[in-house]
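Sequence first, then the predicted structure, then my questions.
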2 protein chains.
Amino acid sequence: MEMLSCNLNRDNEVPLYEQLYKFIKNEILEGRIPYGTKLPSKRKLAEFLKISQNTVETTYDQLVAEGYVEGIARKGYYVLTYEDLEYIQAAKRQQKSSMPKERLIRYDFHPSRIDTENFPFVKWRKYAKSFIDQEHQSLLLMGQSQGEYVLREEIANYLYQARGVHCTADDIVLGAGIEILLQQLILLLGPEVAYGVEDPGYHVISSILKNYPNEVCPIKVDDSGAQVGSLEQSKIDVVYVTPSHHFPYGSVLSANRRIKLLNWAASGENRFVIEDDYDSEFRYSGKSIPSLQSMDHSGKVIYLGTFSKSLIPSIRISYMVLPKGLMKRYQEELTFFQCSVSRIDQHILAQFMKQGDFEKHLNRMRKVYRRKMEKTVELLVPHQEKLKVVGDISGFHIVLEVNNTMSEKDLVEKAKNNDMRVYPLSAYAIEKQFHSQPRIILGFAGIPEAELEQAIKLLLESWNI
Amino acid sequence: MEMLSCNLNRDNEVPLYEQLYKFIKNEILEGRIPYGTKLPSKRKLAEFLKISQNTVETTYDQLVAEGYVEGIARKGYYVLTYEDLEYIQAAKRQQKSSMPKERLIRYDFHPSRIDTENFPFVKWRKYAKSFIDQEHQSLLLMGQSQGEYVLREEIANYLYQARGVHCTADDIVLGAGIEILLQQLILLLGPEVAYGVEDPGYHVISSILKNYPNEVCPIKVDDSGAQVGSLEQSKIDVVYVTPSHHFPYGSVLSANRRIKLLNWAASGENRFVIEDDYDSEFRYSGKSIPSLQSMDHSGKVIYLGTFSKSLIPSIRISYMVLPKGLMKRYQEELTFFQCSVSRIDQHILAQFMKQGDFEKHLNRMRKVYRRKMEKTVELLVPHQEKLKVVGDISGFHIVLEVNNTMSEKDLVEKAKNNDMRVYPLSAYAIEKQFHSQPRIILGFAGIPEAELEQAIKLLLESWNI
């Protein structure tokens, strides 16, 4: 124990050494200073509490006398065991008890899980090493509030090449997760605008919006994506969509609806479309789906992207591309928000992109995920009478319609009993949905390739399929 | 250029090669594909756009014929210069022009700046290296939403020892900056509560609150800290204070007011005190100031802390300690917020703390900052007739009352003309303040020790002192 903070009262009748003694004794009894702890040295504690060393000495002597503490020559004072040790240990146990103990899950089919076996640790470590260096002292201070220019420039280049997004570094804001950026967007667009969100959809969006005064209207989704046809008749101002790969259905917003959506947005000053392009890097078949932003000529699309899928989720780097008008407002009203991403991490990523390692990583991962997806589908096809794969096949998950008389709840439960986690589609719905059949979201990306076959077989077994 | 994204329309009368040709030509003319860029190989582009290689070949031939592109044998196709090159370059220049060009600032006295000369790069690199490793694959996935348990445990230990804060890992939420945590708090406490904020005070708080529906009432500050005496008569529910070292004045909240504040909070169900303990690690004289949280027995204090001062601001790690009741509500309502701090960074910091390196770093930095503070004051003392140091001396800045007939604006301007930045106290005020004298905030922490004397002298010269 380096130091001990105690609120001593000099005006109190109780002498200082006694106040300190009572305090330490109490902390030991309550288990907050655990058995075996070395107390701060007399000199250091006296200096810290601004009291004389004699006072501390008297306190420690008293504690030694009463058997709470042991003094060891040339080593210091240690908290001792005593009759009531049981009590202390119970307190300690209680204090530690909440260390998360989760049921051991063998296979987790969560759609946000990624492959961790192919992360380029060596490259990443190399770049990390070069930025955690005396030469980069200035990176210890706060950077630009939109994020480091060098990374924003790499992202702008990447978005243009991969998604046809038209933007420069100036149009980009970085943030530690889509949730962080969305909150900034909600503040930027103001409390008056009504949001339209896909239903079912990415549930975090509606969870966040629920905490703001804004009105939220669900928009139904079908095989051609969000049903945006009746927007003109609604009071919606801002639409949140996942046009390239609807989450969780997997459908693609049709060309016809894209144009409708953009025309709708273009014809109202406060109308905007938030395009969440969360996994567009990973398409395995069919032609590539252009981004809405690349089709927009009216400055109406706010483009959201993330490295959670394309790199790793735990690095917490996401970005938004704002139309010029909104960016102006952002810079006037919101730049008191410091960039929420570690500055060194931003430079590591920028270097990783600049040197072509990101592109290489994407190419490698596209193959890995395609193999996992093909394997998954291949294992499900023989059971067509009971299983149907719904939606476009891309990204990290499929939607499975299950026809074995079990409810969504049953399916989740049965999997859990076999140490697996799958997710019911209903968890992503805002309004109650009426499907003919239960639907399960099956994220295949996070299952190790060598175990995928076993995992799927185990799952089907648990469902009696 | 690795890839080129283009929205081709197969139903269009215009043949695909012509659509592609027009697209690329237009991108070159607009300067979006700059001079000298290597176009994607025919094979790759064909694969990417799901068109035949012949189509790409026809397109490239056309572009070569018209002088936009040059084909180099065994190398590929490169964008060429042409008569209108000026136009392209102008577009390129425009696109890049916003790379931030700031006036060279020799000395920046911003109060948030820290010393960067003494950061333990070697240790940090060592821990970073060990976590960016195949063995830590699981750290690539998302972690616990309150932050990594191992880091929260280290923070709980540290807070108890250094600040007497009573908490366990379970009570702590980590976030990428105080702003992020504050936004979560605002959502948690709901739109009905009215906030009291120090005036002058940490301006980011009021800037954030301004964007929420909550009412905000300023609380005046004097030499004994925030004037909390009249809270009972106000409609305030939640008070934001910096009791250990008021920002920016530097005053300490008096014992009397602390008790008043805690009693006020204890007597209303929705009343809370947000204690921002932003720089309490750095006190150089007088007795240590206990945290409000350590004096609170009613679960009414929300404790905010950060590593921005004690370590580095650009790492973006802050934390809040919630009273049990609020934590319960947090876990019920807000855990859809993923932790906004990089998981690897959390583990690096936890290891840094566990191995005692954080404590060592603090001890070293306390000496460095004390020397800087003493040097600063020593250089100002001879000019007592024109300068007065206001507030308690601790932390990273002093408040300077300047009596040389210049206004705050003049003082800032004169410093700027000599390539220095100082900050007027009025920038931190909510309501208009009436000081007898202009006051300047002088952050000394970020000036290199060897240049501090020169910096202060230069500053005084620029003020004709």
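The structure has been received and is ready for your questions.

Could you list the low-pLDDT ranges of the stretch 101-250 of chain A?
Counting by pLDDT under 70, the stretch 101-250 of chain A has low-confidence residues at A:101-103.

Please, where are all the strands along it?
When assigned using DSSP state E, counting those that start in this stretch, the strands of the stretch 101-250 of chain A occupy the ranges A:107-108, A:172-175, A:195-199, A:216-222, A:225-226, A:238-241.

who touches stretch A:380-395?
Under the criterion Cβ atoms under 8 Å, 6 or more residues apart in numbering or on different chains, residues A:223, A:245-246, A:249-252, A:279, A:282-286, A:309, A:373, A:377, A:398-404, A:437, A:439, A:456, A:460, A:465 lie in contact with stretch A:380-395. (Each C-beta comes from the backbone N, C-alpha and C, glycine too.)

from those, which ones fall inside helices?
Members of those lying in helices (criterion: DSSP state H): A:309, A:373, A:377, A:456, A:460.

Look up phi and psi at the nearest residue to the third one once chain neighbours are set aside.
Beyond its immediate neighbours in the sequence, the residue positioned closest to residue A:377 (Cβ to Cβ, 6 or more residues apart in numbering or on different chains) is residue A:389, lying 6.2 Å away. Recorded main-chain torsions at residue A:389 are phi -80, psi 120, according to degrees, to the nearest 10.

ok, now residue A:305?
According to degrees, to the nearest 10, the main-chain angles of residue A:305 amount to phi -140, psi 170.

same check, this time on residue A:423
For residue A:423, the backbone dihedrals are phi -130, psi 130 (criterion: degrees, to the nearest 10).

Ends of stretch A:419-430, what's the gap?
Across stretch A:419-430, the terminal residues are separated by 28 Å (Cα to Cα, to the nearest Å).

residues in contact with it?
For stretch A:419-430, using Cβ under 8 Å, 6+ apart, the contacting residues are A:103-111, A:197, A:199-203, A:206, A:218, A:247-248, A:399, A:408-409, A:411-412, A:415, A:433, A:435, A:438-443, A:455, A:458-459, A:462.

cutoff 6 Å now
Stretch A:419-430 is touched from outside by A:105-109, A:199-200, A:203, A:206, A:218, A:248, A:408, A:412, A:415, A:439-441, A:459, with contacts defined as Cβ atoms under 6 Å, 6 or more residues apart in numbering or on different chains.

what does stretch A:145-163 give?
Among residues not part of stretch A:145-163, those counted as contacts by Cβ under 6 Å, 6+ apart are A:165, A:167-169, A:172-174, A:291, A:319, A:335, A:338-339, A:346, A:349-350, A:353-354, B:2-3, B:5.

Buried among those? Need that as a selection in PyMOL.
Typed into PyMOL, the next command selects the buried ones out of those (criterion: 16 or more other Cβ atoms under 10 Å in any protein chain shown):
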select buried, (chain A and resi 165+167+168+169+172+173+174+291+319+338+339+346+349+350+353) or (chain B and resi 2+3+5)
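
one step back: return the member of the ones in helices among the contacts of stretch A:380-395 nearest to chain B.
For the ones in helices among the contacts of stretch A:380-395, the residue nearest chain B by Cβ to the nearest Cβ is residue A:309; the value is 11.7 Å.

Residues of the stretch 301-450 of chain A that sit close to chain B?
A:312-316, A:336-338, A:340, A:342-343, A:345, A:359 (Cβ under 6 Å from any Cβ of the partner chain).

let's go with 10 Å and repeat that
By Cβ under 10 Å from any Cβ of the partner chain, the residues of the stretch 301-450 of chain A that approach chain B are A:308, A:311-317, A:333-346, A:348, A:356, A:358-360, A:362-363, A:446.

Filter the residues you listed down to the ones in helices?
If you go by DSSP H, these have A:308, A:333, A:343-346, A:348, A:358-360, A:362-363 in helices.

Going through those, which ones are buried?
A:308, A:343-346, A:348, A:358-359, A:362.

Would you mind giving those residues as a markdown table with pLDDT added?
A markdown table is the format used below for those (pLDDT from 0 to 100):
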| residue | pLDDT |
| --- | --- |
| A:308 | 95 |
| A:343 | 94 |
| A:344 | 94 |
| A:345 | 96 |
| A:346 | 96 |
| A:348 | 96 |
| A:358 | 95 |
| A:359 | 92 |
| A:362 | 93 |
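
In a markdown table, list those residues along with distance to residue B:262.
Rendered in a markdown table, the data for these read as follows (distance: Cβ to Cβ, whole Å):
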| residue | distance to residue B:262 |
| --- | --- |
| A:308 | 42 |
| A:343 | 38 |
| A:344 | 40 |
| A:345 | 39 |
| A:346 | 41 |
| A:348 | 45 |
| A:358 | 52 |
| A:359 | 57 |
| A:362 | 55 |
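
tell me which of those is nearest to chain B?
residue A:343 (3.7 Å).

and whichever residue of the stretch 1-150 of chain A sits closest to chain B, what does it touch?
Closest residue of the stretch 1-150 of chain A to chain B, Cβ to the nearest Cβ: residue A:5 (3.6 Å). By Cβ atoms under 10 Å, 6 or more residues apart in numbering or on different chains, the contact set of residue A:5 is A:23, A:48-49, B:159-165, B:288-291, B:294.

how close does it get to residue B:158?
Spatial separation of residue A:5 from residue B:158 under the definition Cβ to Cβ, to the nearest Å is 11 Å.

Can you report how many residues neighbour residue A:220?
13 (other Cβ atoms under 10 Å in any protein chain shown).

Quick one: residues contacting the residue lying closest to it once chain neighbours are set aside.
Of all residues beyond its chain neighbours, the one nearest residue A:220 is residue A:227 (4.7 Å), with distances taken as Cβ to Cβ, 6+ apart. Taking Cβ under 10 Å, 6+ apart as the definition of contact, the neighbours of residue A:227 are A:198-199, A:219-221, A:257.

out of the residues you listed, who's nearest chain B?
Taking Cβ to the nearest Cβ as the measure, chain B lies nearest residue A:257 of the contacts of residue A:227, at 15.2 Å.

Where does that closest one sit, in terms of helix or strand?
Secondary structure here is read from DSSP states H and E; on that basis residue A:257 sits in helix A:255-266.

Sheet partners, orientation included, of the helix or strand just after that helix?
The first helix or strand that comes after helix A:255-266 along the chain, using DSSP H and E, is strand A:272-276. Taking DSSP bridges as the criterion, strand A:272-276 forms sheet pairs with strand A:238-241 (parallel), strand A:301-306 (parallel).

For strand A:272-276, what is the distance to the chain centroid?
Remark: strand A:272-276 is offset 20 Å from the chain centroid, using Cα atoms, centre = their mean, to the nearest Å.
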